[in-house]
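J.: sequence and predicted model, in that order:
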Amino acid sequence: MTVISWIILGLLAGAIAKFLLPGRDPGGLIGTTLIGIAGAFLGGWISARWLDHPISKDFYDGATWAAAIGGSLALLVAYRLLFGNSRD
């Protein structure tokens, strides 16, 4: 997959992570989108580095999607824990 594919995957994974973890985010739409993109890269890196699942060249690989969504969820939870009360 190319970098553009990972960005598109990150956008979709961020939207899915936001759907799975509803609520008010400190960064709004732009922050959640950036977290989704970073989460896709993080999830893919963790999957390839420590889970012994190489990066697939197929955009529709289920493990790649799971890693991207998991990375997005992890970053979204961390972001809420660190900056959760900044929009009160």
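T.: Yep, it's here. Bear in mind that the values here come from a model prediction, so they are computed numbers and not experimental data. Numbers count the residues shown, from 1 in each chain.

J.: what helix or strand is residue 75 on?
T.: Assigned by DSSP states H and E, residue 75 belongs to helix 62-83.

J.: now do that helix: which elements does it pack against?
T.: Secondary-structure packing of helix 62-83 (3 or more Cβ pairs under 8 Å, 6 or more residues apart in numbering; DSSP states H and E): helix 3-20, helix 28-49. C-beta: built from backbone N, CA, C; applies to glycine.

J.: for the first one, buried residues please.
T.: Buried residues in helix 3-20, counted by 16 or more other Cβ atoms under 10 Å: 6, 9-14, 16-18.

J.: ok, those vs residue 43, which is closest?
T.: Closest to residue 43 out of the buried residues of helix 3-20 is residue 13 (7.6 Å), distances taken as Cβ to Cβ.

J.: ok, now which ones touch that closest one?
T.: Taking Cβ atoms under 8 Å, 6 or more residues apart in numbering, we find residue 13 in contact with 36, 39-40, 43, 65, 68-69, 71-72.

J.: between these, which has the most around it?
T.: Ranked by neighbour count (other Cβ atoms under 10 Å), the contacts of residue 13 have residue 72 at the top, with 32 neighbours.

J.: isn't it right next to residue 20, touching?
T.: No - look at residue 72 against residue 20 with Cβ atoms under 8 Å: they stay out of range, at 9.1 Å.

J.: list the contacts for the residue minimising distance to the centre of the chain?
T.: By Cα atoms, centre = their mean, the chain has its centre lying nearest to residue 72, at 2.3 Å. Applying Cβ under 8 Å, 6+ apart, we find residue 72 in contact with 10, 13-14, 16-17, 35-36, 38-40, 43.

J.: quick one: these as CSV, columns for pLDDT too.
T.: Shown next, in CSV, are the contacts of residue 72 (pLDDT from 0 to 100):
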residue, pLDDT
10, 82
13, 84
14, 82
16, 84
17, 82
35, 84
36, 82
38, 87
39, 85
40, 82
43, 82
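
J.: and those residues, which is closest to residue 84?
T.: residue 35 (13.2 Å).

J.: count residues in the vicinity of the closest one, would you?
T.: Applying other Cβ under 10 Å, I find that residue 35 has 28 neighbouring residues.
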